[in-house]
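Engineer: Here's my sequence, what's the structure:
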Amino acid sequence: MRLKNAIKLIFANFGATFKVLLYKLIVFAVLVLVGVFVLLPNFQYLIEASSLDKLVASLGDLLKAIFVPDMVFGEEQQAFAAYLSEFTAYVSGNIGKIAGLGGALAAFYFVGMFFNNIADFALGQVVNDYMSSLTETSFTVGIFKNLGRASLYSLIDVAVSLAFMSAAVSLCLFIIWVSPAGIVTMFFAVLVFVVLISLKQVFASDFMPNIVADKIPAAKAFRESVKVPRKDFMRKFNNYLSINIIMLYVNVTAGLFTVMTGLLLTFPLTTLILICFRFVSQYTTTGKKYYLAPEEIVKPPRVSEDDEDDILKKIDEE
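Structural biologist: Numbering: from 1, shown residues only. Next comes the predicted model:
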């Protein structure tokens with residue numbers, strides 16, 4: 001029922017998705033322009049000075065030599081070893097420069113995710129205002145209404161997400177590396193990644209709604225969010241896993257069959273359905289009534305630790 005109600009909320013707030021898309025495209029364009037003028041020349045110099053381009057080309061020739069009889073494997077192996085020596089020598093002598101470029105790249109990613117979360121927080125404000133009082137708040141007002149709290153939320157979320165994503169991606173790459181199953185391993189790694197993302201979303205589910213709907217300070221809101229009621233865990237996990245699998249399929253299909261243009265619709269739609277579900281779930285577990293439409297009000301019972309076993313039975317359909 002929570003997922004069903006979240007889908008209903010999409011139609012009431014769908015207009016905001018295009019404003020979110022425009023905002024994120026502007027942020028992306030600014031970051032790309034700055035990156036082209038600031039980072040790209042440095043990366044090009046690094047690639048040329050370290051012979052990385054020659055190393056990659058030599059690796060390709062080495063792999064070809066295994067299967068092409070006309071190519072001499074020994075010569076290609078010697079060439080690859082020579083370029084590898086040049087590359088390792090450059091890296092060992094320029095660790096500071098390489099670390100600086102890596103730090104700059106990480107900073108660009110952090111800034112991009114920070115402003116991305118500001119947009120998500122504003123969209124959450126729009127969704128919450130409609131749910132709580134049928135107020136139609138504009139996306140622009142949503143950005144500036146709580147910019148301070150949105151910034152704190154974004155900083156915490158980006159820090160947690162960066163650590164989590166690094167661990168999740170590393171695990172998936174390790175699975176691909178150790179398994180000889182090829183394409184099957186790729187699909188399995190994607191499934192593992194989706195499961196891990198769903199787990200992370202369960203514990204971060206109430207973070208934004210706690211700040212927006214209940215006006216809880218950001219640090220406390222995060223601590224409260226990770227305290228998922230025992231019997232509510234699987235309900236949230238199943239819903240997030242379903243959303244992620246469905247939207248992964250929708251996004252991949254849109255990308256393949258519309259030459260990527262369909263992603264302009266499906267990406268913001270993915271964001272909207274996740275945010276709607278976060279607020280529906282938080283309103284349900286805290287027992288707050290909310291609007292799905294002017295004539296449709298949902299009044300869920302409150303969930304607490306004392307009566308969790310009894311009350312959660314009553315909200316199985318919520």
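Engineer: just for the stretch 101-250 of the chain, where's the confidence low?
Structural biologist: Flagging of the stretch 101-250 of the chain using pLDDT under 70 yields the residue ranges 180-183.
Engineer: So the residue lying closest to residue 289 once chain neighbours are set aside versus residue 284, what's the distance?
Structural biologist: The shortest distance from residue 289 to any non-neighbouring residue, by C-beta to C-beta, 6 or more residues apart in numbering, is to residue 299 (4.4 Å). Yep, even glycine has a C-beta here, placed from its N, CA and C like the rest. As for residue 299, its distance to residue 284 is 10 Å (criterion: C-beta to C-beta, to the nearest Å).
Engineer: higher neighbour count, these two?
Structural biologist: Ranked by neighbour count (other C-beta atoms under 10 Å), residue 299 and residue 284 place residue 284 first, with 22 against 8.
Engineer: Cross-check the contact I'm expecting between that one and residue 2.
Structural biologist: Yes. Between residue 284 and residue 2 a contact is recorded at 6.0 Å, counting by C-beta atoms under 8 Å.
Engineer: now for the host helix or strand of residue 45, which elements pack on it?
Structural biologist: Secondary structure assignment for residue 45, by DSSP states H and E: helix 40-49. In terms of contact count using 3 or more C-beta pairs under 8 Å, 6 or more residues apart in numbering; DSSP states H and E, helix 40-49 is assigned the packing partners helix 95-133.
Engineer: Now do the helix it packs on: which elements does it pack against?
Structural biologist: Judged by 3+ C-beta pairs under 8 Å, 6+ apart, the packing partners of helix 95-133 are helix 2-13, helix 15-38, helix 40-49, helix 139-145, helix 147-178, helix 207-212, helix 263-286, strand 290-293.
Engineer: Pick the most buried one from these.
Structural biologist: Mean neighbour counts were taken over the helices and strands packed on helix 95-133 using mean count of other C-beta atoms under 10 Å, and the top value, a mean of 26, falls to helix 207-212.
Engineer: Not counting its neighbours along the chain, what's nearest residue 255?
Structural biologist: For residue 255, the spatially nearest residue (C-beta to C-beta, 6+ apart) is residue 263, at 5.4 Å.
Engineer: Could you pull up the residues touching that neighbour?
Structural biologist: Shown in contact with residue 263 (C-beta atoms under 8 Å, 6 or more residues apart in numbering): 251, 254-255.
Engineer: Considering those residues, which possesses the most neighbours?
Structural biologist: Using other C-beta under 10 Å as the neighbour definition, the contacts of residue 263 reach their maximum at residue 254, which records 19 neighbours.
Engineer: mind checking how far that residue is from residue 260?
Structural biologist: 8 Å.
Engineer: Equivalent analysis for residue 58, please.
Structural biologist: When C-beta to C-beta is applied, the distance between residue 58 and residue 260 equals 32 Å.
Engineer: Could you do residue 104 as well?
Structural biologist: Distance from residue 104 to residue 260, by C-beta to C-beta: 27 Å.
Engineer: These two: which is more packed in?
Structural biologist: When residue 104 and residue 260 are compared for neighbours, residue 104 comes out ahead with 15 against 10, by other C-beta under 10 Å.
Engineer: pretty sure the more buried one contacts residue 35?
Structural biologist: No. Applying C-beta under 8 Å as the test, residue 104 and residue 35 come out as separate, 9.1 Å apart.
Engineer: follow-up on the earlier one: would you list the phi and psi of the residue nearest to residue 289?
Structural biologist: phi -120, psi 90 (degrees, to the nearest 10).
Engineer: So for it, what's the pLDDT?
Structural biologist: The per-residue pLDDT reported for residue 299 equals 89.
Engineer: same thing with residue 90?
Structural biologist: Residue-level pLDDT assigned to residue 90 equals 80.
Engineer: Check which helices and strands the helix or strand harbouring it sits against.
Structural biologist: Assessed by DSSP H and E, residue 90 sits inside helix 73-93. Applying 3+ C-beta pairs under 8 Å, 6+ apart, one finds that helix 73-93 contacts helix 52-67.
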